[in-house]
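Novice: predicted model, plus sequence, below.
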Amino acid sequence: MTTPADAADSGDVRRLADWDADRLRSLAGEYGSPLYVQDLDRVRANYERVAAAFPDADVLYAVKANAGGSVLDALRDVGAGAECASAGEVSRALAAGFQPGEIHYTAVNPPARDLDYVLDAAPGATVVVGARDTLDRLEERGFDGRLALRVHPGVGAGHSDEVATGADAKFGVPHDDAPGVLAGAAERGFDVVGVHAHAGSGILDAADLDSHREVLDRIATVARSAPVDLEFVDVGGGLGVPYRPDERPLDLGAVANAVRTALADVDADLVLEPGRYLVADAGVLLAEVNTVKPTGGATLAGVDAGMTDLLRPALYDAHHEVRSLAPDASDRDTERVSVVGPICESTDVLAADRSLPAPARGDLFAVGNAGAYGVEMASNYNSRPRPAVVALDGGGDDRLAREREPLESLTRLER
Ligand code: LLP
C-alpha cells in the first residue's frame, strides 16, 4: 500500500529536509529554544487531502494530537469537527469555537468530573461510550443526548503495540457483545446514533492496512446487526505518517477503498477521526546544542530539549529525524551522533546514533514530525517549563501561539 517514489513530490508528505533552514534559525533567534514551530497552512493542506480522499465523510480532528488553539482554529475553519478524549479537550474545542454538535466525546473510563462537565458544557455533543458502566452513569445523570458505542474489535494496528488500541480490552465493548449492548441502550431510551472502532495509531504499510480491514469488517458486522437505524459509523483515526526517510507516505486512496468496500452495504454516514495525519509533518521542534561530548561510541550532542518536550522517543522508542541547521552543516564531516536532553534520565535521548554533521556548541537542530503528540505530551518533569509554540500562517507569517512557561508557573498552584 505504499505509493510510488514520486509521492513525496505530490504533497502527500513534508519531510524534515523540506523546511527552510534560514527561516527556522531566525524563528529560534526570535523566540528562543526549545521551540515548537507549527505550520497551519500545512495543517489545512493535510485536512484537504483527507477530505478529498473521503468526500462523503465527516472528518473529526482527534484533538489529543495537538490541542493548541491555533491548530484547532485552523481545522475548524476548514470544516473539521472535533474528537475529544477528556473534559479538558472539550473545553479547548469549545473555546476554539467548535459547536457542541460538532464534538464527539470519547469517554474512556470517564472521571465523574469529566462526564459532569461535558454534559453541562456541551449538551449537543455525541458521547461515545466504551463500557456498560458508562451507560449506567449517563442514565444516573439523566443524559438524553446523542450516544454512540465504541466497539472493541479485538484486532489492533499501529506503529507499536503500545498504541494498537484495537487489541486492548480497555477500549470499547467486545464486538461480539456490541449488538446486545446497543439493543439494551435503545431499550433504555438512549438516542443511539452511531458505532465506533479505532484500530490503533500509525497505520502506514500493507500489514497495518490488513489489520485495519479486519477492524472495518468487524465494525461493519456490528453496524449491520444494530437494532436501530444508525446515523454514522465512525472508523476512528490512525492514519499514519512516515517518520523515517525510507518510509513511503500512506496511500489514502487505498484506505478509502478499504473503508468503502467494508461498509458498502451499511446505510450510515462515515466518520473519521484522524489526529497525527493532520498535524505531524506540519510541526518541528527546534533545540540548541549546548554540550558536545566525545565518547567511545557516538558523540553526544546535548541539547536544550528532551523527553519533557518530546516524549515519543523515550516512551515508544519512536524515530524522529534530526537535522542540523548549522549554516555550514553541509561542509562538515559527518559522524555518529546521539542527541540527548537535559533531563536526569538515561532514556532522555531524542535520537540515538545518527549520522549527522559534526555538532558544535550553539548549533540548532530540528526534530521532524513533531507536530503530533509533541507539545501535547510535554511535561514539567525535572521542573522544566514547557516550551513555546510558534504558528506559521498565511504563507509563513509567524506569531507566538503559546508562551514558553515561566519558572513561576512551576509553583503557581502550590498552597
Ligand atoms: N480516535 C481515537 C478514539 C483515538 O484513541 C485516537 C488516538 C485517535 C482517534 C487519533 O489517532 P491518530 O490519527 O492520531 O493516530 N501518543 C501516541 C498516539 C496515541 C493515540 C491514542 N489514540 C503517539 O505519540 O504515537
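Specialist: Structure received. Numbers count the residues shown, from 1 in each chain.
Novice: from the contact counts, what lies against the longest strand seen in the chain?
Specialist: Ranked by residue count, the top strand of the chain under DSSP state E comes out as strand 283-293. On a contact count with 3 or more C-beta pairs under 8 Å, 6 or more residues apart in numbering; DSSP states H and E, strand 283-293 meets helix 21-31, strand 35-39, strand 299-303, strand 364-367. Heads up, the C-betas are built off the backbone N, CA and C, glycines and all.
Novice: which positions in the second one come out as buried?
Specialist: Just to be clear, that refers to strand 35-39. By 16 or more other C-beta atoms under 10 Å, the buried positions in strand 35-39 come out as 35-39.
Novice: of all these, which comes closest to residue 177?
Specialist: residue 38 (40.8 Å; C-beta to C-beta).
Novice: need the contact list for the closest one.
Specialist: By C-beta atoms under 8 Å, 6 or more residues apart in numbering, the contact list for residue 38 reads 66, 68, 70-71, 279, 282-283, 371, 389-392, 401.
Novice: now do 6 Å
Specialist: 282-283, 371, 391 (C-beta atoms under 6 Å, 6 or more residues apart in numbering).
Novice: how does the protein divide into domains?
Specialist: Domain segmentation of the chain under automatic domain parsing yields 41-277, 281-411.
Novice: contact partners of the longest strand of the chain?
Specialist: 19, 28, 33-38, 300-305, 310, 359, 361, 363-368, 370-371.
Novice: for ChimeraX, write the select line for the buried members of these.
Specialist: Here is the ChimeraX command that selects the buried residues among those (16+ other C-beta under 10 Å):
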select :19,28,33,34,35,36,37,38,300,301,302,303,304,305,310,359,363,364,365,366,367,368,370,371
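Novice: near the ligand, from the contacts of strand 283-293?
Specialist: Of the entries in the contacts of strand 283-293, none also sits close to the ligand under the rule C-beta under 6 Å from any ligand atom.
Novice: between the two ends of stretch 356-368, how far is it?
Specialist: Taking C-alpha to C-alpha, to the nearest Å, the first and last residues of stretch 356-368 lie 14 Å apart.
Novice: identify, from the buried residues of strand 35-39, the entry nearest to the ligand.
Specialist: Proximity of these to the ligand was ranked by C-beta to the nearest ligand atom; the top entry is residue 36 with 14.4 Å.
Novice: leaving out sequence neighbours, find the closest residue to the closest one.
Specialist: The shortest distance from residue 36 to any residue other than its chain neighbours is 4.4 Å, reached at residue 389 (C-beta to C-beta, 6 or more residues apart in numbering).
Novice: list the contacts of whichever strand or helix holds that neighbour.
Specialist: Under the criterion of DSSP states H and E, residue 389 resides in strand 388-393. If you take C-beta under 6 Å, 6+ apart as the criterion, strand 388-393 is touched by 27, 31, 35-40, 68, 70, 375, 398-404.
Novice: count the residues that sit near residue 245.
Specialist: 12 (other C-beta atoms under 10 Å).
Novice: next one, pLDDT for it please.
Specialist: At residue 245, the pLDDT value in this model is 95.
Novice: am I right that it is in a helix?
Specialist: No - Residue 245 is assigned coil when assessed by DSSP: H, G, I helix; E, B strand; the rest coil, not a helix.
Novice: now do the contacts for it.
Specialist: With contact set as C-beta under 6 Å, 6+ apart, residue 245 has no partners.
Novice: about what we covered before: who wins for most neighbours among the contacts of residue 38?
Specialist: Neighbour-wise, these (other C-beta under 10 Å) top out at residue 371, 31 neighbours.
Novice: now do the contacts for that one.
Specialist: Contacts of residue 371 (C-beta under 6 Å, 6+ apart): 38, 279-280, 282-283.
Novice: partners of the longest strand of the chain, with directions?
Specialist: Take DSSP bridges as the rule and strand 283-293 pairs in its sheet with strand 35-39 (antiparallel), strand 299-303 (antiparallel), strand 364-367 (antiparallel).
Novice: could I get these in JSON lines, plus columns for mean pLDDT and distance to residue 412?
Specialist: Converted to JSON lines, these look like this (pLDDT from 0 to 100; distance: least, C-beta to C-beta, whole Å):
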{"stretch": "strand 35-39", "mean pLDDT": "98", "distance to residue 412": "22"}
{"stretch": "strand 299-303", "mean pLDDT": "98", "distance to residue 412": "27"}
{"stretch": "strand 364-367", "mean pLDDT": "98", "distance to residue 412": "29"}
